[in-house]
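[1] Here's my sequence, what's the structure:
(chains A and B)
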Amino acid sequence: MLRRARALWNSNGRSLGAVLVILLLWELACRLPPIQSLGLPSPEATANGLIARWQILVSHGAITGYETLVGFLVALAGGLSGAVVLSLSPRLAAALWPTILFLQIMPKVAIAPLLLLWLGFGLLPKVIIAFLISFFPILANAYAGLQSVDEETNELARSMHAAGVRYFLYFTLPQALPRILSGARIAITFAVVGAVVAEFIGADKGLGYLVILSARNLDMGLMLAAIFTLTCLGVGLYGLVSLAEHYLIPWHISRRRAEMRDLSETRATAGGL
Amino acid sequence: MLEPVIVPESSLPAEQGVILTIRDVARSFRARSGETVSATGKINLELLAGEFVAIVGASGCGKTTLLKMIGGLVSPSSGEIRYKGQIVKGPVNDLGIVFQRPVLLDWLTISRNIALQLKMRRLSTPAQRRMLASSLLESVGLAGYENRYPWELSGGQQQRVSLCRALIHKPALLLMDEPFGALDALTREQLQNDLERLWMEQRPTVLFVTHDVGEAVTLSDRVIVMSGRPGVITEDISIAVHRPRRSGLLENSTLQAYARKVRAKLAPGSDQDERAIK
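    Here you go, the predicted model:
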């Protein structure tokens, strides 16, 4: 029992301690005159704001969450199918790659004003921005993943006469899954940014709108509460991808852990010497 | 453990039919600079069904290329390879292959890694596949490892699994590309014993690429020496020593004499290689 408590402390206690120290410093800083003049709310005031206005935060958060998630899911479907098509046809990939690279580098949020101009202030332009911004990391990572079957594994597959769909399902796809999921990991955090920026430009709901509104009203408490809610939203969505990793590539995670354990053991031994 | 089948010397391959003929086969490829580089010289070779043949030679002589051409994984630039009378165009049907690395799939358990061979070939039911995999695992001393994952096994154990996967469908042709090259001496000896025993049970035609002369002599019925760059076959030595040999190189003076003979044939070739480098 004591040992378990100690293990729990070792893994989480220190992080929790660090958070408490930061909150304490923040609280103290807010009492200093130069910072007081900026109107930065103290942790206490922020917490009060969160509790008092949780209904607003949740209802606006749901809007942003919806935009992000729909944009991300469409990007996931599109990015994966795009990567499969490109990996099936090297010629098409070679022909399209410069365009893809160009579009990938183009700052997607810069298109937001144009989309709003065309599509109005509804949810659709936000979903499209979230989609655009998360599409390319998924496409690029999935494509790289689908190319990652090594020469020998390919020869093994050919010696087994594994071709077509069976080759794809048993060799290419599992090999690509870790890369696809790390693409999704990047994409989901990007998608939140996309949705919020689109809301900045023109919206009447969503957490991005709430941030802009509170800035106009000089309501720092609401602004911090909205940012905090946004972060929670991001963490939650990130958690979804981690959950997917847990179910889809347990072998990859365990192998990584085993390798890291070996590495730290080697280091420990080296240190002992 | 299964008892090894004792094969009397009189039944060794000389009486069996030709399974593979290689006629004037050569392989070249275009280098980045645009010039054509030969991977092998012209090669002529016949393999008998059930024969264990080792190919030795210095690195870069095209042993591996020859192996892959025979399996149909690489196509020759000229010449003709016939397997069971048919011209080889693409991977040979009943083929098993073992690489220097185990090449196991991380996402499958040991049992599924082995059974994949049958599954991809649409052979037997899932239950039969599991049973076959288990009995092969048991025969190489890995009983109870069915549900482990590859990274949980040592290098030698992984290579055993790879051997099981190559044999589960009872292939007529087993290609091995320096399969024990990355293992320590003790593990290698155990695996050589496992291989000899499994080969005697199933009797596939084995083509075994190695640069270890002792290993070649201990395991094979014939040792083929390749030398030069591009490599050609310079020597074809039959090893008339009864089986099982069980890594008998240390004690068996006949095997030692063969090893000396093969090494002597290899030596002029390696001299040439050195001269070529200068």
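
[2] Identify the residue nearest the geometric centre of chain A.
    A:Thr189 (2.6 Å; Cα atoms, centre = their mean).

[3] Show the contacting residues for that residue.
    A:234, A:237-238 (Cβ atoms under 8 Å, 6 or more residues apart in numbering or on different chains). The C-beta positions use only the backbone N, C-alpha and C, and glycine is treated the same way.

[4] how much space is there between it and chain B?
    Separation of A:Thr189 from chain B (Cβ to the nearest Cβ, to the nearest Å): 26 Å.

[5] and the gap between that residue and B:Gly96?
    46 Å (Cβ to Cβ, to the nearest Å).

[6] Just say helix, strand or coil for the closest residue to B:Thr21 other than its chain neighbours.
    Distances taken as Cβ to Cβ, 6 or more residues apart in numbering or on different chains place B:Arg82 nearest to B:Thr21, at 4.7 Å, with adjacent residues excluded. Three-state call for B:Arg82 (DSSP: H, G, I helix; E, B strand; the rest coil): strand.

[7] Now name the helix or strand holding the residue lying closest to B:Arg165 once chain neighbours are set aside.
    Distances taken as Cβ to Cβ, 6+ apart put B:Ile114 closest to B:Arg165, at 4.6 Å, once the chain neighbours are dropped. Using DSSP states H and E, B:Ile114 falls within helix B:110-120.

[8] other SSEs contacting that helix?
    Counting contacts by 3 or more Cβ pairs under 8 Å, 6 or more residues apart in numbering or on different chains; DSSP states H and E, helix B:110-120 is packed against helix B:126-139, helix B:155-167.

[9] Of those, which stretch is the most buried?
    helix B:155-167 (a mean of 23; mean count of other Cβ atoms under 10 Å in any protein chain shown).

[10] thought A:His161 was touching B:Asp94?
    No. Judged on Cβ atoms under 8 Å, A:His161 makes no contact with B:Asp94 at a distance of 10.0 Å.

[11] Look at those two and report which has more neighbours.
    A:His161 (18 against 15; other Cβ atoms under 10 Å in any protein chain shown).

[12] for that one, phi and psi?
    phi 60, psi 40 (degrees, to the nearest 10).

[13] Take the helices and strands packed on helix B:110-120 and write them to CSV, including mean pLDDT.
    Output for these, formatted as CSV (pLDDT from 0 to 100):
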stretch, mean pLDDT
helix B:126-139, 93
helix B:155-167, 94
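
[14] how about those in CSV, adding distance to A:Ser11?
    What follows is the helices and strands packed on helix B:110-120, written out as CSV (distance: least, Cβ to Cβ, whole Å):
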stretch, distance to A:Ser11
helix B:126-139, 37
helix B:155-167, 32
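
[15] So for A:Ile22, which of those helices sits nearest?
    Across the helices and strands packed on helix B:110-120, A:Ile22 has its closest neighbour in helix B:155-167 (46.9 Å, Cβ to Cβ).

[16] Show me what that closest one is packed up against.
    strand B:95-98, helix B:110-120, helix B:126-139, strand B:173-177, helix B:185-202.

[17] which other helices and strands contact the helix or strand following the longest one?
    Same thing as helix B:185-202. Next along the chain after helix B:185-202, taking DSSP H and E as the criterion, comes strand B:205-210. The criterion is 3+ Cβ pairs under 8 Å, 6+ apart, and the helices and strands that strand B:205-210 contacts are strand B:36-48, strand B:52-57, helix B:63-71, strand B:173-177, helix B:213-219.

[18] Let me have those in TSV, extended by mean neighbour count and distance to chain A.
    Putting the helices and strands packed on strand B:205-210 into TSV (neighbours: other Cβ atoms under 10 Å in any protein chain shown; distance: least, Cβ to the nearest Cβ, whole Å) gives the following:
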stretch	mean neighbour count	distance to chain A
strand B:36-48	18	15
strand B:52-57	27	18
helix B:63-71	24	6
strand B:173-177	25	8
helix B:213-219	24	21
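
[19] Tell me which residue of chain B lies closest to chain A.
    B:Met120 (4.0 Å; Cβ to the nearest Cβ).

[20] burial count for that residue?
    B:Met120, neighbours per other Cβ under 10 Å, totals 20.

[21] ok, now which ones touch it?
    Each residue near B:Met120 by Cβ under 8 Å, 6+ apart is listed here: A:157, A:160-162, A:166, A:170.

[22] remind me which residues of the chain are low pLDDT?
    This is for chain A. A:1, A:255, A:258, A:260-273 (pLDDT under 70).

[23] wrong one, I was asking about chain B
    B:1-16, B:247, B:268-278.

[24] Please repeat the previous calculation with a cut-off of 50.
    Residues of chain B meeting the criterion pLDDT under 50: B:1-15, B:269-278.

[25] Up against chain A, what does the stretch 1-150 of chain B have?
    B:68, B:71, B:73, B:91, B:93, B:95-97, B:99, B:101, B:103, B:105-107, B:116-117, B:119-121, B:149 (Cβ under 8 Å from any Cβ of the partner chain).

[26] Please repeat the previous calculation with a cut-off of 7 Å.
    B:71, B:73, B:91, B:95, B:97, B:99, B:101, B:103, B:106-107, B:116-117, B:120-121, B:149 (Cβ under 7 Å from any Cβ of the partner chain).

[27] and stretch A:64-78, which residues are buried?
    A:64-76 (16 or more other Cβ atoms under 10 Å in any protein chain shown).

[28] hmm, who's touching that stretch?
    A:123, A:126-127, A:130-131, A:134-135, A:138, A:184, A:187-188, A:191-192, A:194-196, A:199, A:206-208, A:233, A:237 (Cβ atoms under 7 Å, 6 or more residues apart in numbering or on different chains).

[29] Can you show me the CA trace of that stretch as PDB?
    What follows is stretch A:64-78, C-alpha atoms only, in PDB (Å, rounded to 0.1, in the frame of the first residue of the first chain):
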ATOM      1  CA  THR A  64     -15.400  24.700 -31.200                       C
ATOM      2  CA  GLY A  65     -15.100  21.100 -30.400                       C
ATOM      3  CA  TYR A  66     -17.600  20.200 -33.000                       C
ATOM      4  CA  GLU A  67     -15.800  22.300 -35.700                       C
ATOM      5  CA  THR A  68     -12.500  20.800 -34.800                       C
ATOM      6  CA  LEU A  69     -13.600  17.200 -34.600                       C
ATOM      7  CA  VAL A  70     -15.600  17.300 -37.900                       C
ATOM      8  CA  GLY A  71     -12.700  19.000 -39.700                       C
ATOM      9  CA  PHE A  72     -10.200  16.500 -38.300                       C
ATOM     10  CA  LEU A  73     -12.300  13.400 -39.100                       C
ATOM     11  CA  VAL A  74     -12.800  14.600 -42.700                       C
ATOM     12  CA  ALA A  75      -9.000  15.300 -42.900                       C
ATOM     13  CA  LEU A  76      -8.300  11.800 -41.500                       C
ATOM     14  CA  ALA A  77     -10.500  10.100 -44.100                       C
ATOM     15  CA  GLY A  78      -9.200  12.400 -47.000                       C
END
